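**Student:** Structure, please.
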Amino acid sequence: MELIEGMKAPEISLPDDAGNSFNLKALMGKTVVLFFYPKADTPGCTKEACEFRDAGPTFGKKVTVIVGISPDDNKAQAKFKTKFGLPYTLLCDTDHAVAEAYGVWKEKSMYGKKYMGIERTTFVIGPDGKLVKIFAKVKPEGHAAEVLAAL
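**Tutor:** Numbers count the residues shown, from 1 in each chain. Reported below is the predicted structural model:
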């Protein structure tokens, strides 16, 4: 089932970069920017993550929580977070179940080889738990500013 704006966001219950349990419902009452990225510490993902880091104070003024999610394990996420000073939570969707629930686990192609992976996508979830805005097929450069403009 494809998610559309106005629908309730699928629940998320995953380990975070520190190995703690994260539940999306704990953020009810706040706006959440949930960005899915393919792999920690790769060029595009680093660009996107650092733009969200740099825009963090502005997001904070809008009472917005930023959460990143990829199929990486918590060791890779923690290393990525530390290396680039990312001040927000990174989630570990190692079995890509959440990516599938959000419809971002897709067939991709590189050098003629097909494989399954994350299609870079960002969801803005309102304080009521509903999807306010969906950014599909995101280009990393300038994306944080694009999300800020939509809030």
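**Student:** What is the neighbour count of residue 24?
**Tutor:** Burial measure for residue 24: 19 neighbouring residues, criterion other Cβ atoms under 10 Å. All C-beta spots, glycine's among them, are computed from the backbone N, C-alpha and C.
**Student:** If you drop the residues flanking it in sequence, what lies closest to it?
**Tutor:** residue 12 (4.0 Å; Cβ to Cβ, 6 or more residues apart in numbering).
**Student:** cool, and residue 30?
**Tutor:** Nearest non-adjacent residue to residue 30 (Cβ to Cβ, 6+ apart): residue 65, at 5.2 Å.
**Student:** tell me the pLDDT at the residue most central in space within the chain?
**Tutor:** Of all residues in the chain, the one closest to the mean position by Cα atoms, centre = their mean is residue 35, 2.0 Å from it. The predicted structure scores residue 35 at 97 on the pLDDT scale.
**Student:** Quick check: it vs residue 9, distance?
**Tutor:** Distance of residue 35 to residue 9, computed by Cβ to Cβ, to the nearest Å: 13 Å.
**Student:** wait, doesn't residue 63 sit right on residue 29?
**Tutor:** No: Residue 63 is beyond contact range of residue 29, at 9.0 Å (criterion: Cβ atoms under 8 Å).
**Student:** And the strands in the protein, which stretches?
**Tutor:** 13-15, 21-23, 31-36, 64-70, 89-92, 105-110, 113-118, 121-125, 131-135 (DSSP state E).
**Student:** any idea which of those strands scores lowest on pLDDT?
**Tutor:** strand 105-110 (a mean of 86).
**Student:** So which elements touch that strand?
**Tutor:** Where contact means 3 or more Cβ pairs under 8 Å, 6 or more residues apart in numbering; DSSP states H and E, strand 105-110 is packed against strand 113-118.
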